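Peer 1: Any chance you could fold what I've pasted below:
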Amino acid sequence: MLVKNILLSLGLYAIVGLSSPTPEVSVEASVDSNAVEANTTANILTERATGVWLDVYKSGSCDSGWEDQPKSGWVWAGQCKNFDSFTYGARAGKNDQGWPASCTFKFWENADCHGHATVHHISDSIKWKKGYMGIPYPTYQCIATANKQSGEFYLGNGAASVLMTC
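Peer 2: This is a model prediction of the structure:
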């Protein structure tokens, strides 16, 4: 009786597992795709899965206290995130996969990543400090979202959205 119950339970789990939808799989997936295309698609999905917590501030020096969620929150590579206009500062925080050296934030003057923009390399905002027993750890410096990389003030009304690319 015990063996019968175990086999029935395993069979039920197998049926439920097979009938459950699979996330991140396109309905129009081609069976004829070759390994190179599959590899490229996997790389694109991996890059889009890169995320970072971003606190946004009304002050360009990040001393005004960060904005609550959903203004502050996760930013995912390849996806535009909107927040209020007149955002002049941002600070990266927790990331989920480490920092690819090529990741950038593009801060836009309008919602939905439109209008003029400033570009900041995420790696430029990292400052390393010595921690316990001299082990270095990263801290993230304030990014003046309305300024160009050179420091020139550019977005008069601050940023209203951000796009992270890696």
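Peer 1: where exactly do the helices run in this structure?
Peer 2: Under the criterion DSSP state H, the chain contains helices at 2-19, 35-48.
Peer 1: and residue 78, how far is that from residue 106?
Peer 2: To residue 106, residue 78 is 11 Å away according to Cβ to Cβ, to the nearest Å. (Each C-beta comes from the backbone N, C-alpha and C, glycine too.)
Peer 1: list the residues that contact both of those two?
Peer 2: Common neighbours of residue 78 and residue 106, counting by Cβ atoms under 8 Å, 6 or more residues apart in numbering, are 163, 164, 165.
Peer 1: Identify the bridge partners of the first one.
Peer 2: So that's residue 163. residue 80, residue 106 (DSSP bridges).
Peer 1: was I right about it contacting residue 112?
Peer 2: No. Applying Cβ atoms under 8 Å, one finds residue 163 not in contact with residue 112, separated by 9.8 Å.
Peer 1: Looking at these two, which one has more neighbours?
Peer 2: residue 163 (20 against 12; other Cβ atoms under 10 Å).
Peer 1: Residue 77 is in contact with residue 162, isn't it?
Peer 2: No. Contact criterion Cβ under 8 Å: residue 77 and residue 162 do not qualify, at 11.3 Å.
Peer 1: ok so, going back, could the shared contacts of residue 78 and residue 106 go into CSV alongside pLDDT?
Peer 2: Output for the shared contacts of residue 78 and residue 106, formatted as CSV (pLDDT from 0 to 100):
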residue, pLDDT
163, 96
164, 92
165, 91
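Peer 1: Closest to residue 141 out of these?
Peer 2: residue 164 (16.8 Å; Cβ to Cβ).
Peer 1: OK, contacts around that closest one?
Peer 2: Counted by Cβ under 8 Å, 6+ apart, residue 164 has contacts 50, 52, 75, 76, 77, 78, 79, 103, 104, 105, 106, 122.
Peer 1: what's the neighbour count on the nearest residue to residue 110 once chain neighbours are set aside?
Peer 2: Spatial nearest neighbour of residue 110, excluding adjacent residues (Cβ to Cβ, 6 or more residues apart in numbering): residue 160 at 5.5 Å. By the criterion of other Cβ under 10 Å, residue 160 has 22 neighbours.
Peer 1: pLDDT below threshold where in the chain?
Peer 2: 1-49, 66, 68-70, 94-101 (pLDDT under 70).
Peer 1: can you pull out the strands in it?
Peer 2: For the chain, the strands defined by DSSP state E occupy 51-57, 73-76, 80-87, 89-95, 104-110, 114-121, 126-130, 136-140, 143-144, 159-165.
Peer 1: Buried residues, the fourth one. List them.
Peer 2: Going by neighbour count (16 or more other Cβ atoms under 10 Å), the buried part of strand 89-95 is 89, 90, 91, 92, 95.
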